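Asker: just to be clear, the model below is a prediction. Sequence and coordinates:
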Amino acid sequence: MRRSLRLTAAAAALGLTITACGSTASEVSADGGGLGTAENPVSIRVIANDAFAKQWQDQLVPEFNKKYPNIKVSVDGVPYNDQLPKTMLELTGPTPTYDVVLGDDSWIPQLAKTGGLMDLKADVSKWTDAGYDWADFNPTPLAAGQWDGKQYTVPVRSNLLLMFYNKKLYKKAGVQEPTAETTWEQYFADAKKLVQDTDGDGKVDAWAIGTYFTKDPLTPTVWQTVLNSNGVALLDDDLKVAFNNEAGVKALQTHVDLLKYAPPGASTYQFNEPLEAFRQGRTATMLMWGSVYKGTAVDETSTTLKPEDVGLTTLPAGSAGPGAHRGVWSAGIAKKTRHPAAAWTWLQWITSKEGEQFAGSALGTFPARNSTLNGTPAAEWAAPVYEALKAGYAAVEKNKMWRPRLPEADAVQQILALQTSRAMSGQATAEQAVDEAAKEITELLKSKGYPQ
């Protein structure tokens, strides 16, 4: 009771009562809940994707606790397809469970629109360390956490869609390794040779490509990247459909045509299947999120390949330059937290120069800070990766290679996923799929009040 009265008085005196989404106000003490003591530690909870939540709990949290032993962090993993709805419920519900929430690149506007996230450059500035250095962030990953002029999240797992290539299979086929200048036309010419019999038994045992092909919200990012690399956007500056044209049809058809050079059954590929095929040496290239590099080229428990076997570059170039697609996981602080100081201390550490370098070395996580990108990598294998990443960041920034930046982005991707899958399965031509996607997205945005 004494603690409750003390918190109420402090909040009233300093105007720190925080209300979000019409829920009951949470009362926060002047010290933001403090950073805990040995006798009375502070506990915070984080909702994260289950693809990396356990790594964070097992490796990042113990490292963080070397510096902040009195902040106890619990990281809960949630499957990708469940994470957005669960996080939305968390930010809009009356009872706070999580102090820190994570979002995929395209979710941030939707999460921010709830009013349930703090502005990290304003609401928690009093607890920002003097050495945090906002200006050191590369603008491409940092922008993923911005919405309506505010910084709601910071990049905790920077990522780009990039092209992995197997150097041995390229050499076996007598094909020159790809570079940032390789065009789609050249790639398809090479792909014919990269479908090959590597052991001389008369049967094809290696193919050119593995990537997303089946119905999945991430599958359209492949042809969206092709579209953007030709200087065309999915939506224009007025948020009107801009891909219902020859460029849109060509981009989708490029993605569909990749199936001709993929392993049997590749039409069902999502995230895991192309990874396994590439790691087993069955595909010469893989269009995939770069953050899997360590598990693909370094970690002997998950791959048959070694760093010297694996190259990494941007996707083939279109008329406007090479391709990449931003896929940054970023994290923010829930307004309903009673421990904003501890939550922000945790986020600051994992996105600091120190934390980022540790995560890069231990987990293979891509950096968001220029000082890390331009410095000496903590691990030798990361040097060529960082070079590819810098090229990818530049390509993304130049041609706006990201999913739509609006609260309805997830719904847009779901429409694109369905129509992409129809084209992949032969239920529709690329032109028919593009036309139907354009019609459905236009109707969706019109229903949400956007002028169409």
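Answerer: Nice, I can see it.
Asker: distance of the closest residue in space to residue 79 that isn't next to it in sequence relative to residue 127?
Answerer: Nearest non-adjacent residue to residue 79, counting by CB to CB, 6 or more residues apart in numbering: residue 50, 5.6 Å away. Just so you know, the C-beta spots here come from the backbone N, C-alpha and C atoms, and that holds for glycine as well. Residue 50 sits 29 Å away from residue 127, going by CB to CB, to the nearest Å.
Asker: domain map for the protein?
Answerer: Domain assignment for the chain, taken from automatic domain parsing, gives 2-159+328-375, 160-326+401-447.
Asker: how many neighbours does residue 249 have?
Answerer: A count of nearby residues for residue 249, using other CB atoms under 10 Å, gives 19.
Asker: OK, contacts around it?
Answerer: Counting by CB atoms under 8 Å, 6 or more residues apart in numbering, residue 249 touches 430, 431, 434.
Asker: point me to the helix or strand that includes it.
Answerer: Following DSSP states H and E, one finds residue 249 within helix 246-258.
Asker: and residue 436, by the same measure?
Answerer: Counting by DSSP H and E, residue 436 is found in helix 430-447.
Asker: tell me the buried residues in that helix?
Answerer: For helix 430-447, burial by neighbour count (16 or more other CB atoms under 10 Å) applies to 430, 431, 433, 434, 435, 436, 437, 438, 440, 441, 444, 445.
Asker: could you dump those to JSON lines with pLDDT?
Answerer: What follows is the buried residues of helix 430-447, written out as JSON lines (pLDDT from 0 to 100):
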{"residue": "430", "pLDDT": "98"}
{"residue": "431", "pLDDT": "98"}
{"residue": "433", "pLDDT": "98"}
{"residue": "434", "pLDDT": "98"}
{"residue": "435", "pLDDT": "98"}
{"residue": "436", "pLDDT": "98"}
{"residue": "437", "pLDDT": "98"}
{"residue": "438", "pLDDT": "98"}
{"residue": "440", "pLDDT": "98"}
{"residue": "441", "pLDDT": "98"}
{"residue": "444", "pLDDT": "98"}
{"residue": "445", "pLDDT": "97"}
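Asker: related to what we said a few turns ago, next secondary structure after the helix holding residue 249?
Answerer: Next along the chain after helix 246-258, taking DSSP H and E as the criterion, comes helix 272-279.
Asker: pull out the buried residues from that next one.
Answerer: Across helix 272-279, burial judged by 16+ other CB under 10 Å covers 273, 274, 275, 277, 278, 279.
Asker: what's the next secondary structure element after that helix?
Answerer: strand 283-289.
Asker: let me see the mean pLDDT of the next helix or strand after that following strand.
Answerer: Next helix or strand after strand 283-289 toward the C-terminus (DSSP H and E): helix 293-297. Across helix 293-297, the average pLDDT comes to 95.
Asker: which residues touch helix 293-297?
Answerer: 164, 275, 278-279, 286, 302-303, 305-307, 309-310, 312, 363-364, 381, 385.
Asker: could I have the buried ones of those residues as PyMOL selection syntax?
Answerer: Selection of the buried residues among the contacts of helix 293-297 in PyMOL, burial being defined by 16+ other CB under 10 Å:
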select buried, resi 164+275+278+279+286+303+305+307+309+310+312+363+364+381+385
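Asker: that older thread, residue 392: which of the domains of the chain is closest?
Answerer: domain 160-326+401-447 (3.9 Å; CB to CB).
Asker: any idea how far apart the tips of the closest one sit?
Answerer: For domain 160-326+401-447, the first-to-last residue distance is 32 Å (CA to CA, to the nearest Å).
Asker: and that domain, how far out from the chain's middle?
Answerer: Offset of domain 160-326+401-447 from its chain centre (CA atoms, centre = their mean, to the nearest Å): 16 Å.
Asker: and for stretch 325-338?
Answerer: 12 Å.
Asker: give me the buried positions along that stretch.
Answerer: For stretch 325-338, by 16+ other CB under 10 Å, it's 325-338.
Asker: so which of the residues you listed belong to helices?
Answerer: Among the buried residues of stretch 325-338, none falls in helices (DSSP state H).
Asker: how about the host helix or strand of residue 155 as CSV, C-alpha atoms only?
Answerer: In this assignment (DSSP H and E), residue 155 forms part of strand 154-157. Provided in CSV are the C-alpha atoms of strand 154-157 (Å, rounded to 0.1, in the frame of the first residue of the first chain):
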residue,chain,number,x,y,z
VAL,A,154,14.9,1.0,-32.8
PRO,A,155,16.5,-1.7,-35.0
VAL,A,156,17.4,-4.8,-33.0
ARG,A,157,17.8,-7.2,-36.0
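Asker: partners of the helix or strand following it in the sheet?
Answerer: Counting by DSSP H and E, the element after strand 154-157 in chain order, helix or strand, is strand 160-166. Applying DSSP bridges, strand 160-166 is found paired with strand 283-289 (antiparallel), strand 310-313 (antiparallel), strand 325-326 (antiparallel).
Asker: so for residue 32, which of these sits nearest?
Answerer: Comparing the strands paired with strand 160-166 by CB to CB, strand 325-326 comes nearest, at 31.3 Å.
Asker: quick one: residues in contact with that closest one.
Answerer: Strand 325-326 has contacts (CB under 8 Å, 6+ apart) with 105, 140-141, 144, 159-161, 221-222, 224-225, 228, 315, 396, 401-403.
Asker: more neighbours, residue 50 and residue 127?
Answerer: residue 127 (17 against 14).
Asker: which residues sit in contact with the nearest residue to that one once chain neighbours are set aside?
Answerer: Closest residue to residue 127 apart from its sequence neighbours, by CB to CB, 6+ apart: residue 341 at 4.7 Å. By CB under 8 Å, 6+ apart, the contact list for residue 341 reads 31, 32, 33, 34, 35, 124, 127.
Asker: am I right that residue 341 sits in a strand?
Answerer: No: applying DSSP: H, G, I helix; E, B strand; the rest coil, one finds residue 341 to be helix, outside a strand.
Asker: and the gap between it and residue 95?
Answerer: 21 Å.
Asker: now for the protein, the helix or strand with the poorest mean pLDDT.
Answerer: Ranked by mean pLDDT, DSSP states H and E, the weakest helix or strand in the chain is helix 2-14, scoring a mean of 36.
Asker: buried ones in the following helix or strand past it?
Answerer: Downstream of helix 2-14, the next assigned helix or strand under DSSP H and E is strand 42-49. If you call a residue buried by 16+ other CB under 10 Å, then strand 42-49 has these buried ones: 42, 44, 45, 46, 47, 48, 49.
Asker: partner strands of strand 42-49, with direction?
Answerer: In the sheet, strand 42-49 lines up against strand 71-78 (parallel), strand 100-103 (parallel) (DSSP bridges).
Asker: immediately after it, which helix or strand?
Answerer: helix 53-55.
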